[in-house]
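In: Pasted the sequence and its predicted model underneath.
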Amino acid sequence: MKEIKFDFNNFFSSSVGSIHGITRKDWGKFFPAAQKAQKHLVAVITNPQNRVALSLEWANLPDQDKKVIAYIQKLGDQIAEKYESVIFLGIGGSYLGLKAAQDALCAPYYNEFAPLRHGRPRIYFEGNNLDPETLSALLKNLNPRKTFVVVISKSGETTETKAAFALVELWLKKGAGKNYGRQVFCITDPKNGTLRKKVDAEQARDVLSFRNLPLLKGVGGRYSEFNMGLLHLAIVGVKIDSVLAGAKAMAQKCSGREISRNPAYMYGLLSTILYKQKNKPITILMPFGEELKSTADWYCQLLAESTGKKYSRRIKVNANGLEEWLKDENRVVNTGRTPISTRGTNDLHSVQQNNIEGENDKAVTFIRLEKFSHDLKVSGTNDFLAGKDYSRLLCVAQEATEWALVREARPNCTIILPELTPFYWGALLFFFEMATAFEGELLNINAFDQPGVEGYKNYMYYKLRKPGLPAAISADIRKHPLKKIARYII
């Protein structure tokens, strides 16, 4: 079987010059820190207690219990056989991971054409925004008796998902009757949270209502596609084993001690050198393949939420050798690259103009497919495009974009997938997860929390008068009100 290949040539000075590319001197400066980061990350991942406590259990997800996987696969088949539509309610990784899988592993226009679904239900995503238009349209046009609902939320308190579920649950009650709970499935914390309490209460009344799977301890939302996303894969007919096999193969490839042969560590290290040494704080992910645009969106969340941090990390080790990662409030770093999701060739006619002639503060990552499941040949005889395969045109477009960037000393790299299958997609996701974890180590921040996300949530809770909001949060919001000066509103 072919392997994914990683071409880092255009990150180096040999391609884009020493001002914007990585030199031997740059490599030598950062390599000791990379060795230290590698040693620490490996130590944490190989210690089960540390791995769970520090939210790195995602690294162990490729090796899940085969009986559990078989159960989820069978459950997905049963749901798919019985229902016309499935609504998934979730936000963050609980939406982006599923959408990435849907677009990458299902046929384009999956919802629109029955033959493309092979008897599987239409899939809809809600609970990821507070725009009333989309959910209104969905509930007006779906049949509640033929619709299944999957709610994904650790706590059950995230505003977007909680509000959507309240409306969807009422819609099911009215349209499907007293046993509506048998059309609801929850993926949530196994012990705590308001959604867990609801699950337990409903199951006490009817064991077939509010069936559920656990969000595993030590697996954060943006790293959880191989946990909370498995039921979705099963419902649309993707073989979970194939996805996890790809992730496992990449995990093995990224477990080598030699950094220069470890693609995830190399990507994290080279990106960090470009960021810190060459003033490249913006990363552009540009897959050449429409099906991978949502995967690029998923990566944007992964990188931004993992590495965008205000404080450095302080590691506290107890007598048993277990670590606690604390915010070092004496070291404000405000660090982290800014990711932007694009796609070729569409965005060559927009964002690429800035990539080529705008400020040279970006590094571009391409994803190229070597083989497509379907191809087209341009018709005609009297044009230079005539007789050429679409796949060939796309390949040349990617190569041309790479050349244009190198010509202007703009660093870039290319990830080459043999084809887009569950195996290679699973490998791609694990690569990005491990690369992001390593980047967090190099930056010495906690890549597995997201304190910055809590600010908007707390303000919403305050304005909406949620009970139980800590007094300190309320006092801070009152102390720092939004200021609106009339003359600046025109």
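Out: Great, that's in hand. Numbers count the residues shown, from 1 in each chain.

In: K36 and F11: what is the separation?
Out: K36 is 21 Å from F11, where distance means CB to CB, to the nearest Å. Where C-beta positions appear, they are placed from N, C-alpha and C, glycine not excepted.

In: The two - which one has more neighbours?
Out: More crowded of K36 and F11, by other CB atoms under 10 Å: F11, with 26 against 13.

In: I figured that one hits C413, correct?
Out: Yes: using CB atoms under 8 Å, F11 is in contact with C413, at 5.4 Å.

In: Need the residues touching each of the two.
Out: Residues touching both F11 and C413 (CB atoms under 8 Å, 6 or more residues apart in numbering) are L270, A363.

In: check contacts around V219.
Out: S55, E57, W58, L61, N227.

In: how about JSON lines for those, with pLDDT, secondary structure and neighbour count added?
Out: Listed next are the contacts of V219 as JSON lines, based on pLDDT from 0 to 100; DSSP: H, G, I helix; E, B strand; the rest coil; neighbours: other CB atoms under 10 Å:
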{"residue": "S55", "pLDDT": "97", "secondary structure": "coil", "neighbour count": "17"}
{"residue": "E57", "pLDDT": "97", "secondary structure": "helix", "neighbour count": "21"}
{"residue": "W58", "pLDDT": "98", "secondary structure": "helix", "neighbour count": "25"}
{"residue": "L61", "pLDDT": "98", "secondary structure": "helix", "neighbour count": "21"}
{"residue": "N227", "pLDDT": "98", "secondary structure": "helix", "neighbour count": "23"}
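
In: Between these, which sits nearest R331?
Out: Comparing the contacts of V219 against R331 with CB to CB places S55 closest, at 21.1 Å.

In: Would you mind measuring from the closest one to R122?
Out: For S55, the distance to R122 - CB to CB - is 34 Å.

In: ditto for E329
Out: 49 Å.

In: same thing with V333?
Out: Using CB to CB, one obtains 45 Å as the distance from V333 to R122.

In: try T401
Out: Using CB to CB, we find T401 at a distance of 35 Å from R122.

In: more crowded one of the two?
Out: Between T401 and R122, T401 has the larger neighbour count (other CB under 10 Å), namely 23 against 16.

In: Tell me if I'm right that that one and G344 touch.
Out: Yes: look at T401 against G344 with CB under 8 Å: they come within range, at 6.3 Å.

In: got any residues that touch both of these two?
Out: Contacts common to T401 and G344, judged by CB under 8 Å, 6+ apart, are M286, F366.

In: Spit out the contact partners of the most centrally placed residue in the chain.
Out: The structure's the chain has its C-alpha centroid closest to W298; by CA atoms, centre = their mean the separation is 3.2 Å. With contact taken as CB under 8 Å, 6+ apart, W298 is in contact with G93, L96, G97, K99, A100, E225, L429.

In: neighbour-wise, which of the residues you listed leads?
Out: E225 leads the contacts of W298 on contacts (other CB under 10 Å) with 30 neighbours.

In: How about the contacts made by that residue?
Out: G93, G97, L98, A100, A101, W298, L429.

In: Redo these as CSV? Include pLDDT and secondary structure.
Out: Rendered in CSV, the data for the contacts of E225 read as follows (pLDDT from 0 to 100; DSSP: H, G, I helix; E, B strand; the rest coil):
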residue, pLDDT, secondary structure
G93, 93, helix
G97, 97, helix
L98, 98, helix
A100, 98, helix
A101, 98, helix
W298, 98, helix
L429, 98, helix
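
In: How is this structure divided into domains?
Out: The chain breaks down into these domains under automatic domain parsing: 5-46+246-443, 58-238, 452-488.

In: Show me the least confident stretch of those domains, going by mean pLDDT.
Out: Out of the domains of the chain, domain 452-488 stands lowest, with a mean of 86 (criterion: mean pLDDT).

In: If you count neighbours, what's buried in that one?
Out: Going by neighbour count (16 or more other CB atoms under 10 Å), the buried part of domain 452-488 is N458, Y461, I473, I477.

In: Would you confirm that the third one contacts K466?
Out: No: between I473 and K466 no contact is recorded; they are 10.3 Å apart, counting by CB under 8 Å.

In: I'd like to know how many residues surround A404.
Out: 15.

In: I meant N318, not that one.
Out: Neighbour number of N318 under other CB under 10 Å is 8.

In: ditto for L326
Out: Using other CB under 10 Å, L326 has 13 other residues around it.

In: Write down the beta-bridge partners of it, one by one.
Out: Here L326 sits in beta bridges with R314, as judged by DSSP bridges.

In: That one and I445 touch, don't they?
Out: No: contact status for L326 versus I445: not in contact, 11.5 Å apart, counting by CB under 8 Å.

In: Can you pull the residues that touch both of the two?
Out: With CB under 8 Å, 6+ apart, L326 and I445 have common neighbours R313.

In: residue ranges of the helices in the stretch 351-490 of the chain, please?
Out: According to DSSP state H, counting those that start in this stretch, the stretch 351-490 of the chain carries its helices in the segments 351-357, 390-407, 422-443, 454-463, 471-479.

In: With distance to E157 as added columns, please give those helices in CSV.
Out: Below are the helices of the stretch 351-490 of the chain laid out as CSV (distance: least, CB to CB, whole Å):
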stretch, distance to E157
helix 351-357, 36
helix 390-407, 43
helix 422-443, 26
helix 454-463, 9
helix 471-479, 14
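
In: wait, which of those is closest to M1?
Out: Of all the helices of the stretch 351-490 of the chain, helix 422-443 comes closest under CB to CB, at 7.9 Å.
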